[in-house]
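Asks: need the 3D shape of this:
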Amino acid sequence: MDEYSGLIRVFWLLAGVALLAWLVKFIAAKSAAMASTIKEGERGLVYRYGRFDREVGPGQHWMVFGRTMTRVPVNELNILVANQEVMTADRMAVKLSALVTYKVIHPRKAVEKSQSGYYQPLYYAAQLSLRDAVAELQLEMLIDTRAQLDAALTGRASAAFAEHGCELIAMSVRDLILPPDVRRLATDVTRAKFEAAAALERARGEQASLRLLANAARLIKGNPELMNLRVLQALSTGNSKTAPTIILGGNAGIVPVPGGAGGAAETPDDE
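Replies: This next block holds a predicted model:
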């Protein structure tokens with residue numbers, strides 16, 4: 001009888017230990033589920049039974065008595081507006097994409113403003129701002145003022161971002177794709193400009209050459225001895241030149257010089 005009672009006590013003791021271990025594990029799991037950790041670069045929105053309670057910063061927070069938490073990033077984020085076809089003011093279709101940099105400055109406003117959150121409304125705001133800005137410009141002006149377009153886009157979309165609790169840091173055009181026929185025309189125009197510039201330089205070079213030749217002709221006309229000197233210079237041999245062979249027909253001299261100047265004999269007139 002005593003042995004049977006001892007077994008019963010041991011059984012209840014083991015059952016109590018197992019129950020205590022299960023309770024400890026259950027409490028630890030519940031505690032882990034109720035604890036929420038907010039990292040640097042995040043903010044937490046605490047709701048109690050669906051009603052906003054408070055905003056918390058980085059650290060560990062216990063979600064008890066019907067409390068839940070929504071995490072919101074507050075560091076810089078990016079939105080890539082995909083390629084879209086837009087009509088310019090002169091009705092030329094171009095494709096553009098944009099890169100948007102922003103951050104959340106009012107977490108509660110950003111979360112509660114729209115049912116779908118803040119990302120999709122911001123994407124649509126950036127997309128519409130890009131369309132409106134391009135629609136006011138002609139194609140040539142769009143290409144020439146592409147760098148200045150970034151500032152215009154940022155100013156145009158900032159108000160829409162502020163309505164959703166966000167700050168627009170920068171918005172810039174990422175890609176600008178022209179239609180094939182427009183690209184071909186632009187290439188032809190650029191080629192024509194380069195060809196015109198090359199023709200102008202050739203004309204300037206020819207003009208300078210003609211001017212030098214005219215000056216040389218005037219010098220030779222007034223001083224025929226210069227031609228003889230030029231011929232003798234051409235006949236002289238250098239270190240790497242072979243002596244040229246020149247055959248003069250009849251009684252012709254090199255270059256006639258009036259009065260026999262320069263030692264060259266005058267060519268007699270034919271009878």
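Asks: buried stuff in stretch 71-83?
Replies: For stretch 71-83, a neighbour-count test (16 or more other CB atoms under 10 Å) marks 72, 74, 77, 79, 81 as buried. Where you see a C-beta, it was placed from the backbone N, CA and C, and this is true even at glycine.
Asks: pipe these into JSON lines and attach distance to residue 200 per row.
Replies: Output for these, formatted as JSON lines (distance: CB to CB, whole Å):
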{"residue": "72", "distance to residue 200": "63"}
{"residue": "74", "distance to residue 200": "60"}
{"residue": "77", "distance to residue 200": "53"}
{"residue": "79", "distance to residue 200": "48"}
{"residue": "81", "distance to residue 200": "44"}
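Asks: helix, strand, or coil at the closest residue in space to residue 117 that isn't next to it in sequence?
Replies: Closest residue to residue 117 apart from its sequence neighbours, by CB to CB, 6 or more residues apart in numbering: residue 111 at 6.9 Å. Three-state call for residue 111 (DSSP: H, G, I helix; E, B strand; the rest coil): helix.
Asks: and for residue 80?
Replies: Look at residue 80: counting by three-state DSSP, its state is strand.
Asks: next one: it from residue 62, what distance?
Replies: In this structure, residue 80 and residue 62 are 38 Å apart, going by CB to CB, to the nearest Å.
Asks: and the helices in the protein?
Replies: 2-34, 107-112, 119-135, 139-144, 146-163, 180-222, 225-235 (DSSP state H).
Asks: which one of those helices lies closest to residue 100?
Replies: Nearest of those to residue 100, taken as CB to CB: helix 119-135 at 4.9 Å.
Asks: returning to what we had before: as a markdown table, the helices of the chain with mean neighbour count and distance to residue 98 would be great.
Replies: Below are the helices of the chain laid out as a markdown table (neighbours: other CB atoms under 10 Å; distance: least, CB to CB, whole Å):
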| stretch | mean neighbour count | distance to residue 98 |
| --- | --- | --- |
| helix 2-34 | 10 | 42 |
| helix 107-112 | 18 | 21 |
| helix 119-135 | 18 | 5 |
| helix 139-144 | 16 | 13 |
| helix 146-163 | 16 | 7 |
| helix 180-222 | 10 | 20 |
| helix 225-235 | 13 | 69 |
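Asks: and these: which comes nearest residue 52?
Replies: Proximity to residue 52 (CB to CB) singles out helix 107-112 among the helices of the chain, at 6.6 Å.
Asks: run through the residues that contact residue 94.
Replies: For residue 94, the contact set (CB atoms under 8 Å, 6 or more residues apart in numbering) comprises 85-86, 88, 134, 139, 142, 176-179, 182.
Asks: looking at those residues, which one is closest to residue 153?
Replies: Lowest distance from residue 153 to the contacts of residue 94 (CB to CB) belongs to residue 134, with 9.4 Å.
Asks: any idea how far that closest one is from residue 224?
Replies: Distance of residue 134 to residue 224, computed by CB to CB: 73 Å.
Asks: also residue 94?
Replies: Using CB to CB, residue 94 is found at 70 Å from residue 224.
Asks: from residue 141, how far off is residue 88?
Replies: 9 Å.
Asks: relative to residue 220, how far out is residue 212?
Replies: Shown here: residue 212 relative to residue 220, a distance of 13 Å by CB to CB.
Asks: give me the common contacts of these two.
Replies: With contacts defined as CB under 8 Å, 6+ apart, no residue is shared by residue 212 and residue 220.
Asks: where in this protein is pLDDT low?
Replies: 1-4, 6, 26-33, 186, 234-271 (pLDDT under 70).
Asks: okay, and the beta partners of residue 84?
Replies: Residue 84 has these beta-bridge partners by DSSP bridges: residue 96.
Asks: doesn't residue 123 make contact with it?
Replies: No: between residue 84 and residue 123 there is no contact under CB atoms under 8 Å: 11.4 Å.
Asks: list just the nearest of the contacts of residue 94 to residue 159.
Replies: Lowest distance from residue 159 to those (CB to CB) belongs to residue 134, with 18.6 Å.
Asks: residue 85 is in contact with the closest one, correct?
Replies: No: look at residue 134 against residue 85 with CB under 8 Å: they stay out of range, at 10.2 Å.
Asks: OK, contacts around residue 58?
Replies: Residue 58 makes contact with 38-40, 42, according to CB under 8 Å, 6+ apart.
Asks: all set, thanks.
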